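# Sharing a sequence plus its predicted fold:
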Amino acid sequence: MATIIASTPFGVTEASRDVFRHSNISRKFTQLNIALAAYIEFERDLEHADCFDPAFLSWTTDAESARAEVLSLSGSIASLAVERCEDLPLKRSAMLTRAMIESASEAAFTSLHRLLGSHAELFACLDAGVVAARARQMLEICHDQIDAIAELGEFNDPVAAWAEPSFDAEQSVLIAACAI
């Protein structure tokens, strides 16, 4: 008769419990990263083309639909419930992206963009584990794309770039500095 000997260690054939499973927010956030990349590329294309030329009308339409897609995805992420702690920085980054794209001025855009540095702990996942590592990877991609958005000419205010600082403003700054 044959003797049965286990040739594989116990538990090796079972699935690992430490795997990444998407939450609703992380699934939408992955889609947001893809939509952000497309939006950035369409906007870069428009910067190098005459957007008022009828030949580039489809480019403008593509850029507008990509922008609408990013705003739609970020809005849907903001409305979803947080399922796990790793979802919070994803949700905050999506809300920040939406606010930056919808900002009315260059100053508002810049102040929102600075939040990534001044309040980095709100937009980072510091936990350990597979889920946190995947969330960090998604956040890194998103934050790189936010930096790329900041480099786009669409968010530069031409009036602010051409405005000369007034002599009166300089005087009031000097008077305030002297008063201190």
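Great, that's in hand.

# What's the local residue count around residue 93?
By other CB atoms under 10 Å, 25 other residues sit near residue 93. C-beta here means a position set from N, CA and C on the backbone, and glycine is covered the same way.

# In the chain, where is pLDDT below threshold?
1-2, 6, 10-20, 50-53, 154-180 (pLDDT under 70).

# helix, strand or coil for the most centrally placed residue in it?
Centroid-nearest residue in the chain, with CA atoms, centre = their mean: residue 142, separated by 3.9 Å. Counting by DSSP: H, G, I helix; E, B strand; the rest coil, the backbone at residue 142 sits in helix.

# Ignoring the adjacent residues along the chain, who's closest to it?
For residue 142, ignoring the flanking residues on the chain, the nearest one in space by CB to CB, 6 or more residues apart in numbering is residue 93 at 5.1 Å.

# in terms of contact, does that neighbour touch residue 125 like I think?
No: with contact defined as CB atoms under 8 Å, residue 93 does not reach residue 125; the gap is 10.1 Å.

# Now the common contact residues for these two.
Residues touching both residue 93 and residue 125 by CB atoms under 8 Å, 6 or more residues apart in numbering: residue 139.

# all strands for the protein, in order.
Per DSSP state E, the chain carries no strands over any range.

# can you give me the helices for it?
For the chain, the helices defined by DSSP state H cover 24-47, 57-79, 87-101, 106-118, 130-150, 158-162, 167-179.

# mind checking how far the fourth one is from the chain centre?
So the one you mean is helix 106-118. 12 Å (CA atoms, centre = their mean, to the nearest Å).

# go on, stretch 66-81?
11 Å.

# Stretch 27-38 too?
Offset of stretch 27-38 from its chain centre (CA atoms, centre = their mean): 9 Å.

# buried residues in that stretch?
For stretch 27-38, the neighbour count (16 or more other CB atoms under 10 Å) marks 28-30, 32-33, 35-38 as buried.

# which residues are contacting it?
By CB under 8 Å, 6+ apart, the residues outside stretch 27-38 that reach it are 22, 66, 69-70, 73-74, 76-77, 80, 90, 93-94, 97, 138, 141-142, 145, 149.

# pretty sure residue 134 contacts residue 26?
Yes: assessed by CB under 8 Å, residue 134 is found in contact with residue 26 at 7.4 Å.

# Fine by me, thanks again.
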